[in-house]
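Peer 1: here is a sequence together with a model predicted from it:
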Amino acid sequence: MKPSIYNTSLKIQENKWLIYNSLTNRFVYIINNEDPLLTTSFESTDCPFKSTLFENGFLVEDGMDETKSLIDKLDELMNDESMFELHINPTLDCNLNCWYCYENHIKGSTMSAENIERITQLIKRICDKPNLKHLFISFFGGEPLLRFDYTVKKVILAAEKVCQNKNISLHYHFTSNGYLISDKITDFFKTRDTRFQITLDGDKDNHNEVRHLKNGDGTYDKIIIGIEKLSQAGCHVTVRINYTTLNIHSIDNVLRQIISLKNLNKSRINIDLQRVWQDSKNIFDDTSIIKKYESFLKENGIHYSCPNKRDQSLHICYGDKHNYMLINYNGDIYKCTARDFTEGNRIGVLSDGGNISWDQEKISRWMKAKLSRKECLECPIAPICGGGCRQKNIETKKAGGCLLGFDEDKIKNIVFDKFLALAENNYHNLF
């Protein structure tokens, strides 16, 4: 037997070690003078708990190809035939003008009646898949609620007819700025399984400097009211709070205001703290501040997801899934929502009857990009990050090294944060 290549060791006290295996998502606590991964005691034939180490993946058979095992497990997730995720851009127009938005907004852009019909036909084709049980439709943009009546409702009502006949469950998601939330919209979703992601940029003053209407008017107060209304209607709302070096301390005000909302349904709220990527050149350690906010949310019974909360193993992006695509308002098809919707990034085109003309060269390049670097396959936390983003792998010309810039110390910090998150949520399944 041999130690797994997906083990990471953490020295927590003198002679006391935590070993983590990212493929099985298990920890083991060991008392040893030296790092167990650097000594033979970990795999010694007289080790009293050798069978336990083997059963939980810390030790593997000498001839085992662990990288193949990782690829097989990820392939199983990526090829899940029980679900399909369809993203739709009803428009690339937007009512706001945020400085960091990567999209080129197209004023007045609207999905044609022909493309709405093509999407309806595509949904029928998707639902004809023999193993399909769940259809997830996500509305993106632009601001999707700008076309709520003309596009969104039409697609939803058409999809419901198809799914009801096929006994397929239907779920909706909106990435929205939240400014257009109204009683009409919340009433429509009261009886539907719907989730929203709505973004705030710090407290009212900070937010309104960034997320304002094109005439300069602020949006914060109306968005807060919309979040409360959605939670009352039973919709799940992820409140994504973008932070920078300038607004991170104002998050305290936001969190206190949200939990003080009189009619807020806390069970429907999740707070997601994310640093604006364009701010990454400003070096500062946000760890202690973010952990303070995590503690506050936990004390007040609010779900949260933060950069330090890594409680997932075998991670894949929605774009990794074979049963995933995004359809732009003009019928162009993409695999990534984090890049501009240009002809150069397009991988296909939707046509009559719900048929798709694929760009086979781009599809092939996309499929080969996952775990394409040798360093990724053998990284001790490869199952957590999944080898990084396919899109970045395609775009990055640098041949070697970690795509995310993780060194040994960063990997150990990630593992320790993961231990704390798992210990908080599910202690009995840690070891």
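Peer 2: That came through fine. Just so you know, these numbers come straight off a predicted model, no measurement behind them. Residues are numbered from 1 along each chain as shown.
Peer 1: quick check: end-to-end length of stretch 126-139?
Peer 2: Start-to-end span of stretch 126-139 (C-alpha to C-alpha, to the nearest Å) is 17 Å.
Peer 1: give me the contact list for that stretch.
Peer 2: Applying C-beta atoms under 8 Å, 6 or more residues apart in numbering, the contact partners of stretch 126-139 are 81-90, 123, 152, 155-156, 159, 162-163, 166, 168-176. C-beta here means a position set from N, CA and C on the backbone, and glycine is covered the same way.
Peer 1: what is the neighbour count of the closest residue to residue 101 other than its chain neighbours?
Peer 2: Once flanking residues are discounted, residue 101 sits nearest to residue 94: 7.7 Å by C-beta to C-beta, 6 or more residues apart in numbering. Using other C-beta atoms under 10 Å, residue 94 has 21 neighbouring residues.
Peer 1: please apply the same query to residue 13.
Peer 2: 7.
Peer 1: beta partners of it?
Peer 2: residue 16 (DSSP bridges).
Peer 1: residue 76: which element?
Peer 2: helix 66-78 (DSSP states H and E).
Peer 1: mind listing the strands the next helix or strand after that helix pairs with, and their directions?
Peer 2: With elements assigned by DSSP H and E, the helix or strand that comes after helix 66-78 is strand 83-88. Sheet pairing for strand 83-88, assigned by DSSP bridges, gives strand 134-139 (parallel), strand 324-327 (parallel).
Peer 1: for the spatially most central residue of the chain, give me its contacts.
Peer 2: Nearest to the geometric centre of the chain sits residue 317, at 6.4 Å (C-alpha atoms, centre = their mean). Listed by C-beta under 8 Å, 6+ apart, the contact partners of residue 317 are 386, 389-390.
Peer 1: switch to 7 Å and redo it
Peer 2: Residues counted as contacts of residue 317 (C-beta atoms under 7 Å, 6 or more residues apart in numbering) are residue 389.
Peer 1: for the stretch 51-200 of the chain, which segments count as strands?
Peer 2: 59-60, 83-88, 134-139, 169-176, 194-200 (DSSP state E, counting those that start in this stretch).
Peer 1: should've said the stretch 201-350 of the chain
Peer 2: In the stretch 201-350 of the chain, the strands defined using DSSP E, counting those that start in this stretch lie at 236-243, 269-275, 303-305, 324-327, 332-334, 348-350.
Peer 1: thinking again about what came up before, take the strands paired with strand 83-88 and write them to a markdown table, including mean neighbour count.
Peer 2: Formatted as a markdown table, those follow (neighbours: other C-beta atoms under 10 Å):
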| stretch | mean neighbour count |
| --- | --- |
| strand 134-139 | 21 |
| strand 324-327 | 22 |
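Peer 1: out of those, which is closest to residue 180?
Peer 2: Closest approach to residue 180 among these (C-beta to C-beta): strand 134-139, 12.1 Å.
Peer 1: tell me how far that closest one lies from the chain's centre.
Peer 2: Here the centre of strand 134-139 is set off from its chain's centre by 15 Å, with C-alpha atoms, centre = their mean, to the nearest Å.
Peer 1: quick one: the helices in this protein?
Peer 2: Under the criterion DSSP state H, the chain contains helices at 50-55, 66-78, 113-127, 153-166, 183-189, 204-210, 220-232, 251-259, 287-299, 360-368, 374-377, 382-385, 390-395, 408-426.
Peer 1: my guess is residue 106 contacts residue 141. True?
Peer 2: No: using C-beta atoms under 7 Å, residue 106 is not in contact with residue 141; the gap is 10.2 Å.
Peer 1: quick one: low-confidence residue ranges for this protein.
Peer 2: 39-48, 280-281, 306-313, 397-399, 424-431 (pLDDT under 70).
Peer 1: quick one, domains of it?
Peer 2: 1-64+372-431, 82-305 (automatic domain parsing).
Peer 1: among these, which comes closest to residue 352?
Peer 2: Among these, domain 82-305 sits nearest to residue 352 (C-beta to C-beta), with 6.4 Å.
Peer 1: hmm, back to that, which of residue 106 and residue 141 has more neighbours?
Peer 2: The neighbour count for residue 106 versus residue 141, taken as other C-beta under 10 Å, is higher for residue 141 (26 against 16).
Peer 1: over to the nearest residue to the more buried one once chain neighbours are set aside: give its phi and psi.
Peer 2: In space, and not counting its chain neighbours, residue 141 is closest to residue 89: 5.3 Å by C-beta to C-beta, 6+ apart. Dihedral pair for residue 89: phi -100, psi 100, per degrees, to the nearest 10.
Peer 1: now do the contacts for residue 89.
Peer 2: Counting by C-beta under 7 Å, 6+ apart, residue 89 has contacts 140-142, 326, 328-329, 341.
Peer 1: and those as CSV, adding distance to residue 129?
Peer 2: Shown next, in CSV, are those (distance: C-beta to C-beta, whole Å):
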residue, distance to residue 129
140, 23
141, 27
142, 29
326, 18
328, 23
329, 25
341, 26
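Peer 1: which residues does the nearest residue to residue 108 once chain neighbours are set aside contact?
Peer 2: Computed as C-beta to C-beta, 6+ apart, the closest residue to residue 108 that is not its neighbour in sequence is residue 93, at 6.1 Å. Shown in contact with residue 93 (C-beta under 7 Å, 6+ apart): 105-109, 142-143, 146.
Peer 1: and the gap between the closest residue to residue 170 other than its chain neighbours and residue 83?
Peer 2: Nearest residue to residue 170, sequence neighbours excluded (C-beta to C-beta, 6+ apart): residue 163, at 4.6 Å. Residue 163 sits 12 Å away from residue 83 when distances are taken as C-beta to C-beta, to the nearest Å.
Peer 1: please apply the same query to residue 374.
Peer 2: For residue 374, the distance to residue 83 - C-beta to C-beta - is 31 Å.
Peer 1: next, count neighbours for residue 81.
Peer 2: 12.
Peer 1: try residue 116
Peer 2: Residue 116, neighbours per other C-beta under 10 Å, totals 17.
Peer 1: begin at 27 from now on, thanks
Peer 2: Okay, residue one is now 27; in that scheme the one you just asked about reads as residue 142.
Peer 1: related to what we said a few turns ago, which of residue 400 and residue 109 has more neighbours?
Peer 2: residue 109 (18 against 10).
Peer 1: surely that one touches residue 349?
Peer 2: Yes: here residue 109 reaches residue 349: they are 6.4 Å apart, a contact under C-beta under 7 Å.
Peer 1: before we move on, the earlier item: any chance of the strands of the stretch 227-376 of the chain in JSON lines with distance to residue 55 as columns?
Peer 2: Shown next, in JSON lines, are the strands of the stretch 227-376 of the chain (distance: least, C-beta to C-beta, whole Å):
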{"stretch": "strand 262-269", "distance to residue 55": "34"}
{"stretch": "strand 295-301", "distance to residue 55": "30"}
{"stretch": "strand 329-331", "distance to residue 55": "27"}
{"stretch": "strand 350-353", "distance to residue 55": "39"}
{"stretch": "strand 358-360", "distance to residue 55": "46"}
{"stretch": "strand 374-376", "distance to residue 55": "50"}
